[in-house]
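Colleague: build me a structure from this.
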Amino acid sequence: MFGLQLEKVNLNNSRDKEEVDKFLQKFNLILDKDVDYTIVLRDEQKAIKATCSKAGNVFKCFAVSEELRGENVTGTLITELVNTMFDQGIYQSFIFTKPDKAKVFEALNFSILCETENAVLLEYGISNINKYLSSLVKQYSINTEIKNGALVMNCNPFTLGHRYLIEKASAQCEKVLLFIVQEDKSLFPFKDRYNLVKNGVSDLSNVNVIPGGQYIISKATFPSYFIRKEELRTRAYEEIDASIFGKYFCSRLNINKRFVGCEPYCSVTNSYNETLKRILPRYGVKLIEIERNKYEDNYISASIVRQLIREGKLKEVKYLVPEVTWQFLNSKEGQVVLDKIKKSNSPH
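Modeller: This next block holds a predicted model:
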């Protein structure tokens, strides 16, 4: 790599970001909007010859010029970003990539977690998913000797629709493991979402509320840089999410049922549920769909609650959320979230 210089990109400089994006476009890639750290290798003429980025603990947006293939450039970039993560206190990292690129990262001590037709997820670090699940068993006193039911929810915020689904699952299982998506890509912070649910189901003694951790992936953080078509990206996300849950969570935690809400007219929900229905039986898990709860003939959803808040119709929200959520929305902490929602156009 004689003559090449490693350089950190100033992501606050639109011209610098555009230069990286143009380089990535040569490989039919894009620079994802959520990257927080980007490095490049430049030649003596200051032209970019390779780049790599990260978003939190996820590596993404790799590209290496053809003439540098086989020169361990990827290893150089990975090492630099791993060191940066270590400096930031991040000791576990992931990469989503194309299936034909997986061996490159396996050679750098990454391990494949899941592989689908369009994407592969690999992990690297001092821990792994099996150690993580064993720690969950201990920390949350999960009984793996019995068959457990499971729910995965975002609860942004916790609504009467969520409560209805949880009650239905609780009535059908000896124990329900309720995972709350932990990634803070939602307008309601994880801490608040988790506490609202935990307090809001405290009367259901067989429901165990558990942080989702980094292995339950939200679509908001699934990378778009290497899959440009939305349809393929959605399918890849759904298949990886479903496969990880079935292969690891269900096997280790003895989960034999997963409950989901369904809406006859919601294509997004239906697509995800169909993927779960197709993949989970491979791991001996039955998917149980429950029609969502309604208020005045309309399905109750967190997105409707957020929209009402944006429109200044807080009084109408009271009929869609449990008392614990209503109290939070009227608290000092809740006011901060309300203000954030009113200023945001985020779908999450």
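Colleague: now do the strands in the stretch 201-348 of the chain.
Modeller: With DSSP state E, counting those that start in this stretch as the criterion, the stretch 201-348 of the chain has strands at 207-211, 255-262, 286-291, 294-295, 298-299.
Colleague: redo the ones you listed as TSV? Include distance to Ser14 and mean pLDDT.
Modeller: Heads up, the C-betas are built off the backbone N, CA and C, glycines and all. Compiled in TSV, the strands of the stretch 201-348 of the chain are given as follows (distance: least, CB to CB, whole Å; pLDDT from 0 to 100):
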stretch	distance to Ser14	mean pLDDT
strand 207-211	36	98
strand 255-262	41	96
strand 286-291	45	96
strand 294-295	45	92
strand 298-299	41	89
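Colleague: between those strands, which gets nearest to Lys198?
Modeller: Closest to Lys198 of those, according to CB to CB: strand 207-211, at 4.5 Å.
Colleague: below-threshold pLDDT in the stretch 151-300 of the chain: ranges please.
Modeller: Regions of the stretch 151-300 of the chain meeting the criterion pLDDT under 70 cover residues 219-221, 223, 228, 265.
Colleague: care to break the protein down by domain?
Modeller: Recorded structural domains for the chain (assignment: automatic domain parsing) are 5-127, 130-343.
Colleague: need those domains in JSON lines (columns: mean neighbour count).
Modeller: Formatted as JSON lines, the domains of the chain follow (neighbours: other CB atoms under 10 Å):
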{"stretch": "domain 5-127", "mean neighbour count": "16"}
{"stretch": "domain 130-343", "mean neighbour count": "18"}
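Colleague: in three-state terms, how would the residue lying closest to Ser243 once chain neighbours are set aside be classified?
Modeller: With CB to CB, 6 or more residues apart in numbering as the measure, Cys114 is the residue that lies nearest to Ser243, at 4.8 Å, once sequence neighbours are left out. Under the three-state scheme (DSSP: H, G, I helix; E, B strand; the rest coil), Cys114 adopts strand.
Colleague: do you know how far Cys114 is from Glu230?
Modeller: Relative to Glu230, Cys114 is positioned 21 Å away (criterion: CB to CB, to the nearest Å).
Colleague: then Asp36?
Modeller: As for Asp36, its distance to Glu230 is 23 Å (criterion: CB to CB).
Colleague: same thing with Pro211?
Modeller: 29 Å.
Colleague: one more: Leu6?
Modeller: Distance of Leu6 to Glu230, computed by CB to CB: 34 Å.
Colleague: gap between the helix or strand hosting Leu24 and the chain center?
Modeller: Using DSSP states H and E, Leu24 maps to helix 14-25. Centroid displacement of helix 14-25 relative to its chain, using CA atoms, centre = their mean, to the nearest Å, is 26 Å.
Colleague: what lies in contact with it?
Modeller: 9-11, 30-31, 38, 40, 48, 51, 53, 61, 63, 225 (CB atoms under 8 Å, 6 or more residues apart in numbering).
Colleague: again, only using 10 Å
Modeller: 7-11, 13, 29-33, 35, 38-40, 46-51, 53, 61-63, 65, 225-226 (CB atoms under 10 Å, 6 or more residues apart in numbering).
Colleague: over to stretch 272-286?
Modeller: 116, 149-150, 152, 219, 234-235, 237-251, 254-263, 266, 287, 289.
Colleague: how long is it end to end?
Modeller: The first and last residues of stretch 272-286 sit 15 Å apart, counting by CA to CA, to the nearest Å.
Colleague: repeat that for stretch 52-71.
Modeller: Across its full length, stretch 52-71 reaches 15 Å between end residues, using CA to CA.
Colleague: tell me the mean pLDDT over that stretch?
Modeller: Mean per-residue pLDDT for stretch 52-71: 91.
Colleague: repeat that for stretch 100-110.
Modeller: Per-region confidence: stretch 100-110 scores 92 on mean pLDDT.
Colleague: just give me how far that stretch sits from the chain centre.
Modeller: 22 Å.
Colleague: identify all contacting residues around that stretch.
Modeller: Residues outside stretch 100-110 that contact it (CB under 10 Å, 6+ apart): 59, 62, 64, 69, 72, 74-75, 77-79, 82, 93-95, 97, 111-112, 115, 119-125, 226.
Colleague: if you set the cut-off to 8 Å instead, what comes out?
Modeller: When contacts are taken as CB under 8 Å, 6+ apart, the neighbours of stretch 100-110 outside the stretch itself are 62, 74-75, 78, 95, 97, 112, 115, 120, 122-124.
Colleague: nearest residue to Lys247 other than its sequence neighbours?
Modeller: Tyr283 (6.1 Å).
Colleague: from Phe222, how far off is that neighbour?
Modeller: Distance, Tyr283 to Phe222, by CB to CB: 21 Å.
Colleague: before we move on, which element is Ile78 in?
Modeller: Using DSSP H and E, Ile78 falls in helix 73-87.
Colleague: next structured bit after that helix?
Modeller: Of the helices and strands lying after helix 73-87 in sequence (DSSP H and E), the nearest is strand 92-97.
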